[in-house]
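**Student:** here are the coordinates; sequence isn't available:
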């Protein structure tokens, strides 16, 4: 499972980097989304994946054997990262829309007005 | 009841408060109030830290490795104070400098967001929390940089946004892998576990390199600085000033914090890398700046070069080097911000920042000329201003550590800085206005405010520069204590974990 996931993350990173290097802004934005999902999976993978129960202590019991539960913290981290990337995704799409409205182009090579002649 | 959460909660309260207020004037009043309260909190934290070494708060009363910890040591408190000074000056300045349209659309709300993120980053004792505060700060800065929607701004925003998002991805991937290896996110606990592993295990290299790259992009260090000069000159001048004063410095703060806590366990590997990053940032930043003819662009390249000084101070990794780095960081925040504030005034007066079209500003307003003189020549390192003390400390630390060559490079970079500042001085303030007069743009007049907010903010910072230069001795003494605490990280670990 780890190996499959690792190869999959590698593939996602490759796709993300390829998209980020494209000229179209839309593709760059999609690339950012792919990269952020690949990063979330890295946190998940690095936190250790195993088939086990939720991190709840049964009613009446004092404690629980750590071997029978999976670590909830990486999942909490991923959740936070997903929420943050959702906020940023909505902002970046709005920015793209506004940019297209003002300039009428999707081409990153047109982003040269701020450069010095 | 500890005072630390107040540094985060106060801006948050004002964010909520300002949503309910429709009147622009009341909002302006609120923003200056917040800046003053924030300065008060920062001074209080500084004095408390000065007497009791460190402060901490465990949120929700969960003990250290489990709960979220807020910690302030001398370094954090110093950075909090400097950022509060910068924030107050820029807020006062913005009241007049930002146009009515932007103020009506709640410009100040986003500056509160940045302040909250900056304060949170300085106080975070938990590495994932540091990431979250970075995102809070970045979100505010993303909105501010594109606020108003002019074409240049949107272009700058896209470049700024994409590169900063990529740096956040590096950062969070590093955190994830580090957690997988160490099973902890609390920085003191991580440092404790690192100290147990003894010799540096190669296992941790990937995560630490990812963290280093993340902070190097945020801090605009040598191979990663390209987003900064491409975007900092596009937003309104008050926004550039705020960014120049606060954002990259938070990246550098985090780098110093991480470096002193865990990276140094393998310092014969890291020190040369950091040293070369610093030297190259310094040299390339300053040389590229000489080729520019845009006021703010020159200053943006100088941010990179000045950050290099801080980084070489860190790379010496001795008390004197780190103390010099901390002092220089504080000096650079106020001086750099003030040069951007003067650029804002020039832009308002003439509608352009191209050096070729400007001239004779000294006769238009002598006081602004003097303010530019103070801040620019502080950057260049002339006594008795703060830059002189900062550069002196860095170069002295270099000589003490037998890094004579580095000290020489730092001196030469100082010379080039002086060249750039003199160039701006001559082109903008001294030479006659060029013949082919550009049509004077319709200036955004402050209809509802008396004259003088812009200059008040700038004078405030200029006074801070002079104070930091004249009373350099006690401030450097404080920085030295801060550096001793940073190097002796056992103290930090014990304090947080006890």
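**Tutor:** Received the coordinates, thanks. Not measured: the values here are computed from a predicted model.

**Student:** make it CA atoms for all contacts and neighbour counts henceforth
**Tutor:** Fine.

**Student:** where in the chain is pLDDT low?
**Tutor:** No chain specified, so I'll use chain A. Judged against pLDDT under 70, the low-scoring parts of chain A cover residues A:113-117.

**Student:** if you could check chain B rather than the one you did, that'd help
**Tutor:** The model of chain B has pLDDT under 70 over residues B:1, B:198-204, B:435-451.

**Student:** neighbours around residue 73, how many?
**Tutor:** Unless you meant another one, I'm taking chain A. The number of residues packed near residue A:73 is 17, by other Cα atoms under 10 Å in any protein chain shown.

**Student:** that was the other one, I meant chain B.
**Tutor:** For residue B:73, the neighbour count with other Cα under 10 Å is 23.

**Student:** what residues are up against the residue lying closest to it once chain neighbours are set aside?
**Tutor:** Once flanking residues are discounted, residue B:73 sits nearest to residue B:54: 4.6 Å by Cα to Cα, 6 or more residues apart in numbering or on different chains. For residue B:54, the residues meeting the contact criterion (Cα atoms under 8 Å, 6 or more residues apart in numbering or on different chains) are B:48, B:71, B:72, B:73, B:74, B:495.

**Student:** the residue lying farthest from the centre of chain A and chain B, how far apart?
**Tutor:** Within chain A, residue A:60 marks the point farthest from the mean C-alpha position, 38.7 Å out by Cα atoms, centre = their mean. Taking Cα to the nearest Cα, to the nearest Å as the measure, residue A:60 and chain B are separated by 23 Å.

**Student:** ok, back up a step: let's see if you can find the most crowded of the contacts of residue B:54.
**Tutor:** Across the contacts of residue B:54, the neighbour count under other Cα under 10 Å reaches its highest value at residue B:74, namely 27 neighbours.

**Student:** count the neighbours of residue 4 for me.
**Tutor:** As the question left the chain open, I've gone with chain A. Residue A:4 - counted by other Cα under 10 Å - has 9 other residues nearby.

**Student:** wait, chain B was what I had in mind.
**Tutor:** Residues contacting residue B:4 under the criterion other Cα under 10 Å number 21.

**Student:** need the contact list for it.
**Tutor:** Going by Cα under 8 Å, 6+ apart, the list of residues near residue B:4 reads B:45, B:55, B:56, B:57, B:70, B:71, B:72, B:123.

**Student:** now the third one. Nearest residue, chain neighbours left out?
**Tutor:** Excluding its sequence neighbours, the residue lying closest to residue B:56 (Cα to Cα, 6+ apart) is residue B:71, at 4.3 Å.

**Student:** what values do phi and psi take at that neighbour?
**Tutor:** Here the main-chain torsion angles of residue B:71 (degrees, to the nearest 10) amount to phi -130, psi 140.

**Student:** I'd say it and residue B:127 touch.
**Tutor:** No. Because the distance of 12.0 Å does not satisfy Cα atoms under 8 Å, residue B:71 is recorded as not touching residue B:127.

**Student:** related to what we said a few turns ago, residues contacting the residue nearest to residue B:56?
**Tutor:** Residue B:71 makes contact with B:4, B:54, B:55, B:56, B:57, B:123, B:124, B:125, B:496 under the criterion Cα under 8 Å, 6+ apart.
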